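**Q** Have a look at this prediction, sequence included:
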Amino acid sequence: MAVNEWINGYLEAILDSKSSNIEDSSRVNLKEHGHFNPTKYFVEEVVTGVDETDLHRTWIKVVATRNTRERSSRLENMCWRIWHLTRKKKQLEWEDLQRIAKRRLEREQGRSDVREDMSEDLSEGEKVDILGDLESPPKTYQHTASDIWAEDKKEKKLYIILISLHGLVRGENMELGRDSDTGGQIKYVVELARALARTPGVYRVDLFTRQVSSPEVDWSYGEPTEMLTTSSEDADDDVGESSGAYIIRIPFGPRDKYLRKELLWPHIQEFVDGALAHILNMSTVLGEQIGGGHPIWPYVIHGHYADAGDSAAILSGALNVPMVLTGHSLGRNKLEQLLKQGRQSKEDINSTYRIMKRIEAEELSLDAAELVITSTRQEIDEQWGLYDGFDVKLEKVLRARARHGVNCHGRFMPRMAVIPPGMDFSNVIQEANEADGDLSLTNTEGSSPKAVPAIWSEVMRFLTNPHKPMILALSRPDPKKNITTLLKAFGECHPLRELANLTLIMGNRDDIDEMSAGNASVLTTVLKLVDKYDLYGQVAFPKHHKQNDVPEIYRLAAKTKGVFINPALVEPFGLTLIEAAAHGLPMVATKNGGPVDIHRALNNGLLIDPHDQQGIANALLKLVSEKNLWHECQKNGWKNIHLFSWPEHCCTYLTRVASCRMRHPMWKTDTPADEMPHEESLNDSLRDVQDTSLFLSIDGERSSINESLDGGADIQDQVKRLMSKMKRPGSSEKVGEINKKADNNNNNGSNKYPVLRKRQRLIVIAVDCYDNNGDPEKTMISMIQETFKAIKLDAQMEKVTGVAISTAMPLSELMDFLKAGKIKANEFDAIVCGSGSEVYYPGTYEEGGELYPDPDYATHVEYRWGCDGLKKTICKLMNTVEGEEGKSGKPSKQIEEDLKSSNSHCLSYLIKNVKTAKKVDDLRQKFRMRGLRCHVMYCRNSTRMQVIPLLASRAQALRYFFVRWRLNVANMYVVLGETGDTDYEEMISGTHKTLIVKGVVKKGSEELLRSSGSYLKEDIVPGESPLIVYVNGTTAEEMANALKKLKTFIVWWLLCKLSLCFTLMCCHHYTTPPFRLHLFFLSLKSKP
């Protein structure tokens, strides 16, 4: 160690400074007697910059070590650890600076491109008008609920969908804090569902979450449905039994496991399909109750957190209804924080938290959302501003142009709305203040005993004079909460100490040594400062309190005419400030974050710089000493506190949603009733079991239901009759005859409606088998032929099964290819072309012998399709070599428009050099930065790039068949190769059955999907699933065996589901017989 004496000197300085230098926010004086001190510089710049709790524990051990040899060994070990961590931090900081600089350059380039594309559309007068709109101040809070949610809106009967997937969700006895996934978000979404259901104009609210039937958790999380509340008290008496708020638990992922949120990603599409089945079911049921027989579509689908946002985006695209997003906490923000800590690389962070998939889900949510709800303005500027899909400046420009009716060239930005979380003030008692000195905090001799809350006694035992105004701080003992600065400000301000007491509620503790290093350090520092400033009798810091003690603590502070303070370095929202204001406490709060918005709304206190110790003391002294100001702040808080109530939140929320572009499924042609009677349509398929619930009224309006109200025996008789119909042997034959009749009609000429609507199963051939030129290989012909043969091997399946083909090819090229293979187009029930941009039905929508696309599907996928803007941007981006954006010179020709493969909703391009082609995730980023929302993919063995509408895809086309023709996704079989186009992964997961044929597709386009550092295939495709089967060959027998294997699994699932259904019908939670019967059918919708 002799050669390292200079190191020992630095380490001795560390030991001399102890751990206080790490936690203390005040900087070390780097000069002694006016000269630079390198030892203290090392302590300040290196040691205090290292954030690792293990080092803190090691320092404590070194201080206690008496053996010189052991002490030296530990010092040397610490030295190299500090050096390694510091070097790693410097490297990460350098990489972070590079990344920020690159991102800033890309964003500026994106803005420049947007200005260039849009500037020529504006006249000088319009430019002045738009500039004026951009410079106008933001709108302030609305002040009355009646102005926000107008009377005419209250007559509506809305159906609202909320989604919160992770954690354990139930209405009562919530296990908040059980794990990191079951926290404040769970409480928020449950209370929001209840509050919305009680809002006039809302008929039903469904809160979707995951169904968990695991021995690890309570049995209640396995119930498919849980009622939260009935409908609004102001609603009519004749509302149906479906009104109110419900938790709907959809099974997805492993049935017997409770999964943390990071492991749910591969199962998201399975949830979407299950939720879609419920929504279609409920829309029809509500239509019978309040819609005059027309379906009641969801008013909005609202996703909470990234996983639910991803689901809501897909669902909103499948249903063509508006989507709203609340992020709660954001992935990019978390990634930034974790990288700054320097403990994990980006790869390690992604492996632990699936952070890149989470960020991509949030980006997709921004693409699809009409509205993003935040708690504060700071969340918009500093958190959502980090995302490619949101630019504050560009959003203002696009909004101003839209307001003036100027073309935005297909560019969109979601609207951001600050709506603070609601609170329940029904239990808050606003007491009139008593005269000073007459607080009656304790009992007087001779008077009757008066109950004093136990927590009051616990707090007052610390205080010499508990009648003095109480300065109250309530937070965790976290360094970021800045409690030590507050204590210093109080201790060093003698006038404040004379006038007031300080109460610190810092969580619950038994032994400081058993707490985490950060919390223990804060508490230790608090105790030292109390001793340093001799604050005994003036500061209270009780060890324990219960959650229901918190309102009493607020009451105590208000009775003493005290002040509530939140001195946090940064406060995302500040819920405690609202709670304190409701109890009559003025506030002093940090100017960083959410308190700024709260102060603007309530105007009940002062904002401070959390680093300004003197400023904190002055603000507290001002409120405590000036009684008129104190009363004015209390009065303002009470006057405006309703802005943070649940009724006000819901009214503001519904008003914001109403300003969105409302849309829902609209068909240009009505679908007639099926030719087969309802009683004959019941058979062994899951589709018919589910659809049966659509023919029943849960209000008891039909005679069969009314007859069952007299007793439970009739219910059982109805179920027996229903089961007998399902087993009736002749029904399948009759269905087959009807389908054959329909086929004959199609062969004779064009039919108005596709046969698809009568199918019970659909086999979708989506094998991407192309040669090096992007031409379809002959293997695909034999694959199609063998699939038809496999269907014919099962006589029962043949009668009820249709076939569709899904491809990236345009219709003309596909027709020529099928013709060359001697396959007739009308052998297919549906054809999906252009990577999901068009849908055709052979035998339907024909004119002069030629097919034309489904016009309803074209309308369905039109959302945010900016064809003109995309064309300009694609040519500019794709014909620029990476790293040369913004440079002058003639661009190289990297792509060429493929007019033959393009259509009104598909831009197709030939790729000249695959090696220089940009990856899909890189293109998505650049499109988003320019406000363009689309679905970009490479296809046909990487020879083509196709850009289609945002929510169009081959996977979404299958969901469209479900919505339009009621052919359940769970009854579809998708045939794929082992690889394919870049949308291949989307086709695997879901409730449909997947047959992956080995050896058919030699090479796909997946190498162009992701760049390094992106999310992984494992984040999209489930590792093991009973819904995925691999086939080793392409013969008809092998295909038929695979189909039979999947069909056997369905039969097993149906038997299990029927058993669960009968259990539910007898459950005491569902009181009325009609509603039990409705739940019987509703529960059948759950997918295996």
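**A** Yep, that arrived.
**Q** contacts and neighbour counts: CA atoms only from here.
**A** Fine.
**Q** Validate this expectation: residue 1014 resides in a strand.
**A** No. Assessed by DSSP: H, G, I helix; E, B strand; the rest coil, residue 1014 does not belong to a strand; its assignment is coil.
**Q** Counting by contacts, list what the host helix or strand of residue 652 packs against.
**A** Residue 652 is located in helix 646-658, with elements delineated by DSSP states H and E. Secondary-structure packing of helix 646-658 (3 or more C-alpha pairs under 8 Å, 6 or more residues apart in numbering; DSSP states H and E): helix 145-148, helix 184-197.
**Q** between the helix or strand following the shortest one and helix 184-197, how big is the angle?
**A** In this case it means helix 145-148. As assigned by DSSP H and E, the chain's next helix or strand after helix 145-148 is strand 158-163. Interaxial angle, strand 158-163 versus helix 184-197 (axes from the mean of the first three to the mean of the last three C-alpha atoms, to 10 degrees): 170 degrees.
**Q** Give me the sheet partners of strand 158-163 and which way each runs.
**A** The pairing partners recorded for strand 158-163 under DSSP bridges are strand 202-210 (parallel), strand 300-304 (parallel).
**Q** what's the angle from the helix holding residue 652 to strand 300-304?
**A** Orientation of helix 646-658 against strand 300-304 (the same axes, to 10 degrees) gives an angle of 120 degrees.
**Q** buried residues in helix 646-658?
**A** Of all the residues in helix 646-658, those buried under the rule 16 or more other C-alpha atoms under 10 Å are 646-657.
**Q** Likewise for stretch 480-495?
**A** Of all the residues in stretch 480-495, those buried under the rule 16+ other C-alpha under 10 Å are 481-491.
**Q** Give me the subset of the residues you listed that lies in helices.
**A** Using DSSP state H, the members of these that fall in helices are 483-491.
**Q** Would you format the residues you listed as JSON lines with distance to residue 245 and pLDDT included?
**A** As requested, those are arranged in JSON lines below (distance: C-alpha to C-alpha, whole Å; pLDDT from 0 to 100):
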{"residue": "483", "distance to residue 245": "41", "pLDDT": "93"}
{"residue": "484", "distance to residue 245": "45", "pLDDT": "92"}
{"residue": "485", "distance to residue 245": "45", "pLDDT": "93"}
{"residue": "486", "distance to residue 245": "44", "pLDDT": "95"}
{"residue": "487", "distance to residue 245": "46", "pLDDT": "95"}
{"residue": "488", "distance to residue 245": "49", "pLDDT": "94"}
{"residue": "489", "distance to residue 245": "48", "pLDDT": "95"}
{"residue": "490", "distance to residue 245": "48", "pLDDT": "96"}
{"residue": "491", "distance to residue 245": "51", "pLDDT": "95"}
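**Q** hmm, who's touching stretch 1024-1037?
**A** The contact list for stretch 1024-1037 (C-alpha atoms under 8 Å, 6 or more residues apart in numbering) reads 783, 786-790, 793, 988, 991-999, 1038-1039, 1042, 1046, 1049.
**Q** Let's see which of these end up in strands.
**A** Taking DSSP state E, the ones among the contacts of stretch 1024-1037 that sit in strands are 993-997.
**Q** Make TSV out of those residues and add distance to residue 372 and pLDDT.
**A** Shown next, in TSV, are the ones in strands among the contacts of stretch 1024-1037 (distance: C-alpha to C-alpha, whole Å; pLDDT from 0 to 100):
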residue	distance to residue 372	pLDDT
993	34	94
994	35	95
995	38	94
996	39	94
997	42	94
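**Q** what's near enough to touch residue 87?
**A** Residue 87 sits next to no residue when contact means C-alpha under 8 Å, 6+ apart.
**Q** where's it, which helix or strand?
**A** helix 68-118.
**Q** Tell me the gap between that helix and the middle of its chain.
**A** Here helix 68-118 is found 29 Å from its chain centre; the criterion is C-alpha atoms, centre = their mean, to the nearest Å.
**Q** mean confidence for it?
**A** For helix 68-118, mean pLDDT is 76.
**Q** for stretch 167-180, same thing?
**A** 87.
**Q** show me where pLDDT drops low in the stretch 651-800 of the chain?
**A** 669-752 (pLDDT under 70).
**Q** repeat that with 80
**A** The stretch 651-800 of the chain contains residues with pLDDT under 80 at 668-752.
**Q** now do the stretch 201-350 of the chain
**A** Applying pLDDT under 80 to the stretch 201-350 of the chain flags residues 231-241, 337, 339-344.
**Q** Show me where the stretch 751-900 of the chain has its strands.
**A** Ranges of strands in the stretch 751-900 of the chain, per DSSP state E, counting those that start in this stretch, are 761-765, 801-806, 830-833, 838-840, 846-847, 850-851, 895-897.
**Q** among those, which gets the worst mean confidence?
**A** When I compare the strands of the stretch 751-900 of the chain, strand 846-847 is least confident, with a mean of 68.
**Q** In terms of helices and strands, where is residue 397?
**A** Residue 397 belongs to helix 392-403 when assigned by DSSP H and E.
**Q** Using PDB, write down the CA coordinates of that helix.
**A** Coordinates of each C-alpha in helix 392-403 appear next as PDB, following Å, rounded to 0.1, in the frame of the first residue of the first chain:
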ATOM      1  CA  VAL A 392     -45.200  20.200 -27.800                       C
ATOM      2  CA  LYS A 393     -44.200  22.700 -30.500                       C
ATOM      3  CA  LEU A 394     -45.500  20.600 -33.400                       C
ATOM      4  CA  GLU A 395     -48.700  19.800 -31.500                       C
ATOM      5  CA  LYS A 396     -49.500  23.600 -31.200                       C
ATOM      6  CA  VAL A 397     -48.800  24.200 -34.900                       C
ATOM      7  CA  LEU A 398     -51.100  21.300 -36.000                       C
ATOM      8  CA  ARG A 399     -53.800  22.400 -33.600                       C
ATOM      9  CA  ALA A 400     -53.700  25.900 -34.900                       C
ATOM     10  CA  ARG A 401     -53.800  24.800 -38.500                       C
ATOM     11  CA  ALA A 402     -56.700  22.500 -37.800                       C
ATOM     12  CA  ARG A 403     -58.600  25.300 -36.100                       C
END
